[in-house]
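Student: sharing a model prediction with you, sequence too.
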Amino acid sequence: MEITRQMKVPAEYIYKQIMDSVIHDIRQNTGKTVPRQRLDQYEYIKDFGKNNRAKIKIDKAEENRAYHFTTSTTKNQFVVQYDIEPLTETTCQVTYRESMTSYGFMQKLNDMAVGILLGYFRKRRFKKMLEMMEEGY
């Protein structure tokens, strides 16, 4: 899935919103507060309850430009990329990409079926989140 949207907010604002969420998630799952400057290549374990855990690896955290991460479980690997391109001092373009690689034939079938059903709703929810970021500026 890929979504590109021009935003009426500075790139710095979008990046800060994303990083605040990332730092909060790390604190919730590890008890540690990691400064933004140390997020690149940072790894931690996230607990989803009922024996479901995932390893989160921040692949890229480039100030006001990009945030990429990989979530790995025993069943699949989920890659997310936020790329932010400043257009002017008060506008930017955000490109969001996500992809998933499933392990095992049955898991691939299950993920394809669920992906078709949920893909539309995920896109819609993400677009709404971007709208809310703009409105909150």
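Tutor: Yes, it's here.
Student: contacting residues around the helix or strand that contains Thr70?
Tutor: If you go by DSSP states H and E, Thr70 is part of strand 66-72. Strand 66-72 is contacted from outside by 15, 18-19, 22, 46, 54-61, 77-84, using Cβ atoms under 8 Å, 6 or more residues apart in numbering. C-beta here means a position set from N, CA and C on the backbone, and glycine is covered the same way.
Student: among these, which are located in helices?
Tutor: Among the contacts of strand 66-72, the members falling in helices are 15, 18-19, 22 (criterion: DSSP state H).
Student: can you show me the strands along this structure?
Tutor: 2-7, 43-49, 52-62, 66-72, 76-86, 92-102 (DSSP state E).
Student: now do Met129 against Ile18, distance only.
Tutor: Note on Met129: its distance to Ile18, by Cβ to Cβ, to the nearest Å, is 10 Å.
Student: between these two, which one's more packed in?
Tutor: Comparing Met129 with Ile18 by other Cβ atoms under 10 Å, the one with more neighbours is Ile18, at 17 against 11.
Student: next, the angle strand 76-86 makes with the strand holding Thr70.
Tutor: Interaxial angle of strand 66-72 relative to strand 76-86 (axes from the mean of the first three to the mean of the last three Cα atoms, to 10 degrees): 180 degrees.
Student: shift numbering so it begins at 5
Tutor: Let's use 5 as the start, then, which means that last one is strand 70-76.
Student: now strand 70-76 against strand 56-66, angle please.
Tutor: Using the same axes, to 10 degrees: strand 70-76 against strand 56-66 is 160 degrees.
Student: for the strands of the chain, give me TSV that also has distance to Tyr141 and mean pLDDT.
Tutor: Formatted as TSV, those follow (distance: least, Cβ to Cβ, whole Å; pLDDT from 0 to 100):
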stretch	distance to Tyr141	mean pLDDT
strand 6-11	9	95
strand 47-53	29	92
strand 56-66	21	96
strand 70-76	18	98
strand 80-90	14	96
strand 96-106	11	93
